[in-house]
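Chemist: no FASTA, just this:
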Ligand code: GDP
């Protein structure tokens with residue numbers, strides 16, 4: 001039982017991106033293995049902790065932060081991002097502008113970490129793959145953007161849960177240099 005094992009590392013993970021891209025759904029799905037439940041409004045917390053075990057029996061506590069309704073100009077954004085080890089830049093594969101706007105979200109990340117020194121791991125996350133038939137962001141656009149900006153690349157569905165655990169697992173492993 002992993003509850004009895006001590007934590008080797010704690011990582012702060014922050015989820016950003018346009019409104020309606022599915023940030024809260026993704027966070028909720030990962031936190032509670034369900035879709036559509038408004039944990040945040042009811043409990044009023046900014047983050048949750050989830051323990052995972054990585055190869056080599058490394059116990060990791062992931063502190064996952066959902067920025068909620070914060071927009072690009074949001075005053076709290078810097079505080080959310082502060083000290084992050086990983087940032088998930090989430091867009092909706094059926095909404096091209098949510099993809100395009102990640103340029104601006106990256107600008108915010110760079111600005112916040114300019115003075116902190118080390119940039120966090122950046123993960124490009126295309127959400128809503130259950131709506132593949134409505135995709136407007138072509139795969140090569142996604143891959144090119146990830147490559148040009150040194151981001152890891154992921155596709156998930158917060159709705160079905162497809163690849164959600166895997167996505168966080170891979171990001172944590174990459175941050176810690178575990179392969
Ligand atoms: P946020 O504003 O980025 O936090 O986005 P929300 O989590 O509130 O989601 C916005 C809308 O997209 C809601 O209606 C969700 O039910 C829907 N949604 C989120 N993730 C998915 C997904 O993976 N697939 C589908 N089909 N809808 C999703």
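Modeler: Noted; the coordinates are in hand. Only a predicted model underlies this, so the values are computations on that prediction, with no experimental measurement involved.

Chemist: what about the helices in the chain?
Modeler: Using DSSP state H, the helices assigned to the chain run over residues 23-32, 39-43, 77-81, 96-100, 102-114, 139-148, 164-176.

Chemist: which bits of the protein sit near the ligand?
Modeler: Residues of the chain lying near the ligand by Cβ under 6 Å from any ligand atom: 19-25, 127-128, 130-131, 157-159. For every residue, glycine as well, the C-beta is placed using N, CA and C.

Chemist: Please narrow the residues you listed to those residing in strands.
Modeler: Within these, residues falling in strands by DSSP state E are residue 127.

Chemist: In the residues of the chain next to the ligand, find the pair that's most separated.
Modeler: 19 and 130 (19.4 Å; Cβ to Cβ).

Chemist: Residue 151 versus the residue most central in space within the chain, what's the distance?
Modeler: Taking Cα atoms, centre = their mean as the criterion, residue 88 is the residue nearest the geometric centre of the chain, at 2.9 Å. Distance of residue 88 to residue 151, computed by Cβ to Cβ, to the nearest Å: 10 Å.

Chemist: Find residues that contact each of those two.
Modeler: Counting by Cβ atoms under 8 Å, 6 or more residues apart in numbering, the shared contacts of residue 88 and residue 151 are residue 123.

Chemist: In terms of pLDDT, where does residue 33 sit?
Modeler: According to the per-residue confidence, residue 33 scores 58 in pLDDT.

Chemist: again, but for the one 10 residues further on
Modeler: What the model reports for residue 43 is a pLDDT of 47.

Chemist: among the residues of the chain next to the ligand, which ones are buried?
Modeler: Burial by neighbour count, 16 or more other Cβ atoms under 10 Å: within the residues of the chain next to the ligand this picks out 21, 22, 23, 24, 25, 127, 128, 157, 158, 159.

Chemist: can I assume the second one is in contact with residue 127?
Modeler: Yes - counting by Cβ atoms under 8 Å, residue 22 does reach residue 127; the two are 4.1 Å apart.

Chemist: Please identify every residue contacting each of those two.
Modeler: What both residue 22 and residue 127 touch, as defined by Cβ under 8 Å, 6+ apart, is the set 90, 92, 158.

Chemist: Contacts only, for the last one.
Modeler: Put plainly, it is residue 158. Per Cβ under 8 Å, 6+ apart, neighbours of residue 158: 22, 25, 26, 28, 29, 35, 127, 128, 164.

Chemist: List just the nearest of those residues to residue 117.
Modeler: Nearest member of the contacts of residue 158 to residue 117, counting by Cβ to Cβ, is residue 26, at 28.1 Å.

Chemist: Is it correct that the closest one is in contact with residue 156?
Modeler: Yes - contact criterion Cβ under 8 Å: residue 26 and residue 156 qualify, at 6.7 Å.
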